[in-house]
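# Sequence and computational prediction follow.
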Amino acid sequence: MGVLNVTPDSFSDGGRWFDVDAAVAHGRELAALGAAIVDVGGESTRPGAGRVEAAEEIRRVVPVVEALAADGVTVSIDTMRAATARAALAAGAVIVNDVSGGLADDEMLPLVARSDVDVVLQHWRGHSDVMESLARYHDAPSQVLAETLARRDAALAAGVDAARIIIDPGLGFAKGAEHNWQILRRLGEWVGSGHRVLVGASRKRFLAATGQADVATAAISTWCAAHRVWAVRTHEIPMQVEAVRVGTQLASPQ
């Protein structure tokens, strides 16, 4: 899953693809380089980020989604708002990637159920301005998975087909570095849930110590593929495609 931030303030590439034409060109490039899905987002969720108005988020993402979908690109919409998801689905998106797992907008899960599309339910405890203060766990892997499966249950109660649900541990969201590592060490528990799993580690702060964030991300991508994770969400594509290929080979039976 290639990341396409149509924002001026995202942590890794804020502003680079804020112009619609530049965003569409980059989305096409991500797909050409091997991204199976292009994830379009119009609101930064980096720690401390402020929210944007729904109308502005929609203005940012809809032309980009529409152009990429018209090219045959599989597009997901990265949003916590039902209104933005609804507009993006009408423009051609086929996956809703909600980093709040449906908690930020009560209308999101019913919308997904009515739309019959895939949905990513990420672990989340609060918005960007408060999430770092919420990183308190006694057993992060177990608690994060349990809280995520509670959102799965809420989605099922809203009428979402179980086969449409993808779960994501939300690395970096209300989690310190060691929490992220603990969760990654126990990825098998996530895959064992029976749902597809998405992992987004790309260029996150806990990988930055090496100074080679994309290389560190590739190591995580290999680990994820070896654990049969469904997809990794990443800013850089060619290195991650190769990392996934290697991890997939490691996971293949003899």
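It's in.

# Give the ranges of residues in the stretch 51-200 of the chain that sit below the confidence cut-off.
By pLDDT under 70, the stretch 51-200 of the chain has no low-scoring segment.

# How are the helices of it distributed by residue range?
For the stretch 51-200 of the chain, the helices defined by DSSP state H, counting those that start in this stretch occupy 54-70, 82-91, 108-115, 140-157, 177-185, 187-191.

# most packed of these?
Across the helices of the stretch 51-200 of the chain, averaging neighbours per residue (mean count of other Cβ atoms under 10 Å) puts helix 82-91 on top, at a mean of 22. Every residue, glycine included, has its C-beta placed from N, CA and C.

# could you give the angle of it to helix 54-70?
20 degrees (axes from the mean of the first three to the mean of the last three Cα atoms, to 10 degrees).

# And for helix 82-91, what's in contact with it?
With contact meaning Cβ atoms under 8 Å, 6 or more residues apart in numbering, helix 82-91 is reached by 40, 42, 54, 57-58, 61-62, 65-66, 69, 75, 77, 79, 93, 96, 98, 105, 107-108, 110-112, 115, 117.

# same deal with stretch 28-36?
By Cβ under 8 Å, 6+ apart, the list of residues contacting stretch 28-36 reads 1-4, 38, 68, 71, 73-74, 231, 237-238, 241.

# Only the buried residues of it, if you could.
Within stretch 28-36, the residues scored as buried using 16 or more other Cβ atoms under 10 Å are L30, A31, A35.

# any idea of the mean pLDDT for it?
The average pLDDT within stretch 28-36 is 98.

# what's the offset of that stretch from the middle of its chain?
16 Å (Cα atoms, centre = their mean, to the nearest Å).

# Let me have the helices of the stretch 51-200 of the chain in CSV, extended by distance to A251.
Conversion of these to CSV gives the following (distance: least, Cβ to Cβ, whole Å):
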stretch, distance to A251
helix 54-70, 30
helix 82-91, 32
helix 108-115, 30
helix 140-157, 20
helix 177-185, 16
helix 187-191, 10
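
# Which of the ones you listed sits closest to I166?
Nearest to I166, of all these, is helix 140-157, at 9.8 Å by Cβ to Cβ.

# Convert the C-alpha atoms of that closest one to PDB, please.
Extracted in PDB, the C-alpha atoms of helix 140-157 (Å, rounded to 0.1, in the frame of the first residue of the first chain):
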ATOM      1  CA  ALA A 140       0.800  -3.600  24.900                       C
ATOM      2  CA  PRO A 141       0.500  -6.500  22.400                       C
ATOM      3  CA  SER A 142      -2.500  -8.100  24.200                       C
ATOM      4  CA  GLN A 143      -4.200  -4.800  25.000                       C
ATOM      5  CA  VAL A 144      -3.800  -3.300  21.600                       C
ATOM      6  CA  LEU A 145      -5.100  -6.500  19.900                       C
ATOM      7  CA  ALA A 146      -8.100  -6.700  22.300                       C
ATOM      8  CA  GLU A 147      -9.000  -3.100  21.800                       C
ATOM      9  CA  THR A 148      -8.800  -3.500  18.000                       C
ATOM     10  CA  LEU A 149     -10.900  -6.600  18.100                       C
ATOM     11  CA  ALA A 150     -13.500  -4.600  20.100                       C
ATOM     12  CA  ARG A 151     -13.700  -2.300  17.100                       C
ATOM     13  CA  ARG A 152     -14.000  -5.400  14.900                       C
ATOM     14  CA  ASP A 153     -17.000  -6.400  17.000                       C
ATOM     15  CA  ALA A 154     -18.500  -2.900  16.700                       C
ATOM     16  CA  ALA A 155     -18.100  -3.100  12.900                       C
ATOM     17  CA  LEU A 156     -19.900  -6.500  12.900                       C
ATOM     18  CA  ALA A 157     -22.700  -5.100  15.000                       C
END
